[in-house]
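# Provided below are the primary sequence and the corresponding predicted coordinates.
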Amino acid sequence: MDIKKLVCLIFGFIFLILGILGVILPVMPGVIFLVAAAYFFDRSSKTMHEKLLSIPHLGARIRAWEQEKVMSLTSKLSIIFFCLTTIFMTHFWAKWSLGLMLICDVFLIEAMFLTIAQPSKKTNAQ
């Protein structure tokens with residue numbers, strides 16, 4: 001196994017764990033992490049990729065993203081809620097420096113804008 005496949009496999013398992021936590025925890029989106037896991041497994045382990053796609057309910061969402069680049073409105077709202085919750089929690093409870101909080105804010109706000117920019121369903125023109 002070459003180094004690129006190994007790195008993709010490691011990232012695939014990291015995102016898989018985050019995705020499983022996201023499915024269990026109500027404040028963390030799971031599907032977006034599972035989509036990221038599918039992306040990395042597609043480049044490293046076709047077996048793991050197929051196992052992700054075969055998960056009932058979640059596999060269909062991952063497949064929709066891979067094939068049509070669409071995200072459900074529920075997934076979008078979940079991601080935005082998670083980002084906003086993280087921003088507020090770091091500002092009120094974290095003992096981070098202002099610079100570190102602003103860097104995290106920038107990334108989370110960017111994630112929200114990228115999420116909003118994704119289509120929720122395929123239009124007829126596409």
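That came in fine, so what should we check first? Numbering: from 1, shown residues only.

# tell me which residues touch the residue nearest the centre of the chain, please.
For the chain, the residue nearest the mean C-alpha position is Ile32 (2.4 Å; CA atoms, centre = their mean). Counting by CB atoms under 8 Å, 6 or more residues apart in numbering, Ile32 makes contact with 19, 22, 75, 79, 115. (Each C-beta comes from the backbone N, C-alpha and C, glycine too.)

# most widely separated two among these?
Gly19 and Thr115 (15.8 Å; CB to CB).

# mean confidence for the helix ranked longest in the chain?
Secondary structure of the chain per DSSP state H: the longest helix is helix 3-24. Model confidence over helix 3-24, given as mean pLDDT, is 90.

# show me where this structure has helices.
Using DSSP H, helices in the chain cover 3-24, 31-42, 46-53, 58-68, 73-92, 98-117.

# could you give the angle of the fourth one to helix 73-92?
Between helix 58-68 and helix 73-92, the angle comes out at 100 degrees (axes from the mean of the first three to the mean of the last three CA atoms, to 10 degrees).

# and helix 58-68, what does it pack onto?
helix 31-42, helix 46-53 (3 or more CB pairs under 8 Å, 6 or more residues apart in numbering; DSSP states H and E).

# could I get the average pLDDT for that helix?
Per-residue scores along helix 58-68 average to 83.

# now do the buried residues in it.
Neighbour counts using 16 or more other CB atoms under 10 Å place 58-59, 61-62, 64-65 of helix 58-68 among the buried residues.

# what's the closest non-adjacent residue to Leu18?
Phe33 (4.1 Å; CB to CB, 6 or more residues apart in numbering).

# mind listing what the closest residue to Ile116 other than its chain neighbours touches?
Distance criterion CB to CB, 6+ apart; nearest residue to Ile116, sequence neighbours excluded, is Lys76 at 6.8 Å. Residues near Lys76 by CB under 8 Å, 6+ apart: 115-116, 118, 120.

# domain assignment for this protein?
Following the assignment in automatic domain parsing, the chain carries domains at 3-68, 73-117.

# any idea which of those domains is most buried?
domain 3-68 (a mean of 17; mean count of other CB atoms under 10 Å).

# how long is that domain from one end to the other?
30 Å (CA to CA, to the nearest Å).
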